[in-house]
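>>> return a 3D structure for these sequence lines:
(one chain, ligands or ions: 2)
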Amino acid sequence: MISYQVIEHGKPLQRIVLQKPKPKGAEVLVRITRSGVCHSDLHIWDGYFDWGGGRRFYVKERGCVPPFTLGHEPFGVVEALGPRVPRGKGAVKVGQKRIVYPWIGCGSCAVCRAGQDNYCISGSRYLGVNVPGAYSTHVLVPDAKYLVDAGGIDESFAATLACSALTAYSAASKLPALGPKDRVAVIGCGGVGLSGVAVLRAKGVKNIVACDIDPAKLATAAKLGAAATLDTRTPQAAEELRGIAGALDFVGSPATAALGIGALRKGGRHVVVGLYGGELVHPLPPIAQRAIGIVGSYVGNLQELKEVVALARKKKLAPQPIETRGAQGANGALEDLKAGRVVGRIVLDFEELAA
Ligand SMILES: [Zn+2]
Ligand SMILES: [Zn+2]
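Ligands and ions are numbered 1, 2, ... in the order given. Modelled structure (predicted):
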């Protein structure tokens with residue numbers, strides 16, 4: 001199999017030919033056809049997250065040590081089943097096309113058994129984060145239960161549901177109960193943020209204020225159904241947002257946190273999703289006095305992925321702009337994303353490489 005690997009953090013990925021793994025036990029080998037390129041891949045590529053105040057969290061501390069294969073938006077074809085994968089009616093079969101749920105936990109701790117693999121505390125196996133990911137012709141999945149049928153959806157769009165749409169969907173579920181006049185800010189209209197607009201629309205939220213510094217991204221957010229757009233560089237941005245019921249912060253910087261939290265109405269919620277970096281300093285009394293919530297949201301669980309896939313299959317979830325490129329373009333895709341040149345999502349096509 002061919003994988004595009006981080007050999008040295010921050011340096012171009014290298015095309016590496018590896019032995020194709022044979023699925024053992026309950027494992028399933030999936031031949032990847034599409035693999036989405038996510039902004040958080042950039043942090044893993046760089047090798048650290050910025051914690052602010054000059055502090056960094058290095059990804060090697062959670063087991064991500066080069067050589068490492070990125071990619072947590074996998075879509076592909078079931079190629080081989082381990083001996084303990086259930087056979088028969090309703091079971092997964094070789095040749096089926098599936099989204100791979102990438103946020104896989106240890107499978108045995110209480111959190112995983114409760115269906116919250118994405119909060120696993122005792123050994124996560126997140127594809128492309130802790131274990132080899134989908135910038136590859138093949139990926140090994142620990143259990144068939146992590147494969148989700150996306151029949152009828154375009155393959156590149158299907159790939160993006162595994163992180164982009166799922167992350168937005170789970171974040172949106174953390175907003176307070178919304179009345180018909182309540183406004184929600186989507187801060188940062190990159191790939192996940194645009195999914196946020198589409199997810200909110202699919203959930204019936206109408207008063208969405210899309211916030212970004214890039215007019216092209218704002219125009220795309222408006223096309224996806226945002227009722228208003230706001231260039232956050234304008235001096236009146238904070239004033240225009242004042243009174244929002246919630247904010248989905250897909251950037252996660254000190255500036256976006258200040259903007260969202262400062263604009264909340266009483267009882268509002270600011271949901272931190274983006275991993276841009278920095279630290280939050282905020283006076284404590286108003287958090288109580290205004291009864292606001294500041295909550296984090298990290299990807300989503302398997303059930304939420306099934307729900308978001310169902311929305312997409314019913315055509316209720318509008319796809320963001322997606323550009324499908326050959327897998328050889330992996331480095332260019334990361335560079336373009338880093339430079340802010342991508343509106344929507346780039347998805348890599350691994351089909352030709354596997355042929
Ligand atoms: Zn992602
Ligand atoms: Zn676990």
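
>>> got the CA coordinates for stretch 6-21 in CSV?
Provided in CSV are the C-alpha atoms of stretch 6-21 (Å, rounded to 0.1, in the frame of the first residue of the first chain):
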residue,chain,number,x,y,z
VAL,A,6,5.0,12.8,8.0
ILE,A,7,8.6,11.9,8.2
GLU,A,8,9.7,15.1,9.8
HIS,A,9,7.2,17.6,11.3
GLY,A,10,6.7,20.6,9.1
LYS,A,11,8.5,19.1,6.1
PRO,A,12,6.7,17.8,3.0
LEU,A,13,4.9,14.5,3.4
GLN,A,14,6.6,11.6,1.7
ARG,A,15,5.1,8.9,-0.5
ILE,A,16,6.0,5.6,1.2
VAL,A,17,5.3,2.1,0.0
LEU,A,18,4.4,-0.2,2.9
GLN,A,19,3.4,-3.8,3.4
LYS,A,20,-0.4,-4.0,3.2
PRO,A,21,-1.7,-5.1,6.6
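
>>> and that stretch, what's buried?
Along stretch 6-21, the positions that meet the burial threshold by neighbour count (16 or more other CB atoms under 10 Å) are 6, 9, 13. For the C-beta atoms, the positions are set from N, CA and C on the backbone; glycine is no exception.

>>> same check on stretch 285-299?
For stretch 285-299, the neighbour count (16+ other CB under 10 Å) marks 292-294, 297, 299 as buried.

>>> likewise for stretch 144-156?
When neighbours are counted by 16+ other CB under 10 Å, the buried residues of stretch 144-156 are found to be 144-148, 150, 153-156.

>>> quick check, nearest of the buried residues of stretch 285-299 to G267?
When these are ranked by distance to G267 (CB to CB), I292 comes first, at 7.0 Å.

>>> and the pLDDT at the residue nearest the centre of the chain?
For the chain, the residue whose C-alpha lies nearest the mean C-alpha position (CA atoms, centre = their mean) is C163; its distance is 2.9 Å. Listed pLDDT for C163 reads 97.

>>> check contacts around it.
By CB atoms under 8 Å, 6 or more residues apart in numbering, the residues touching C163 are 36, 38, 40, 72-73, 102, 192, 299.

>>> now swap in V100 and tell me
Residues in contact with V100, defined by CB under 8 Å, 6+ apart, are 30, 74-76, 127, 134, 139, 141, 146-148, 162.

>>> from the residues you listed, which is closest to ligand 2?
Set against ligand 2, the nearest of those by CB to the ion is Y146 (13.2 Å).

>>> verify the stated contact: that closest one with L302.
Yes: in this structure Y146 lies within contact range of L302 using CB atoms under 8 Å: 6.8 Å.

>>> overlap of the contact sets of the two?
Contacts common to Y146 and L302, judged by CB under 8 Å, 6+ apart, are Y101.

>>> R55: neighbouring residues, count only.
11 (other CB atoms under 10 Å).

>>> go on, L42?
16.

>>> export the host helix or strand of it as PDB, just CAs?
Of the helices and strands defined by DSSP states H and E, L42 is found in helix 39-46. As requested, the backbone C-alpha atoms of helix 39-46 are provided in PDB (Å, rounded to 0.1, in the frame of the first residue of the first chain):
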ATOM      1  CA  HIS A  39      -7.300  22.000   9.300                       C
ATOM      2  CA  SER A  40      -6.300  20.000  12.300                       C
ATOM      3  CA  ASP A  41      -4.000  17.900  10.000                       C
ATOM      4  CA  LEU A  42      -1.900  21.100   9.900                       C
ATOM      5  CA  HIS A  43      -1.300  21.000  13.600                       C
ATOM      6  CA  ILE A  44      -0.300  17.400  13.600                       C
ATOM      7  CA  TRP A  45       1.900  18.100  10.600                       C
ATOM      8  CA  ASP A  46       3.600  20.900  12.500                       C
END
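
>>> counting by contacts, list what it packs against.
Contacts defined by 3 or more CB pairs under 8 Å, 6 or more residues apart in numbering; DSSP states H and E place helix 39-46 against helix 330-338.

>>> sheet partners, orientation included, of whatever helix or strand comes next after the helix it packs on?
If you walk from helix 330-338 toward the C-terminus, the next helix or strand you reach (DSSP H and E) is strand 345-349. Sheet pairing here is set by DSSP bridges, and for strand 345-349 it gives strand 28-37 (antiparallel), strand 322-326 (parallel).

>>> and those: which comes nearest ligand 2?
Smallest distance to ligand 2 across the strands paired with strand 345-349 (CB to the ion): 19.0 Å, for strand 28-37.

>>> what about that closest one, near ligand 1?
No: counting by CB under 5 Å from the ion, ligand 1 has no neighbours in strand 28-37; the shortest distance is 7.6 Å.

>>> please tell me how far that strand is from the chain's geometric centre.
Here strand 28-37 shows a centroid-to-chain-centroid distance of 16 Å under the convention CA atoms, centre = their mean, to the nearest Å.
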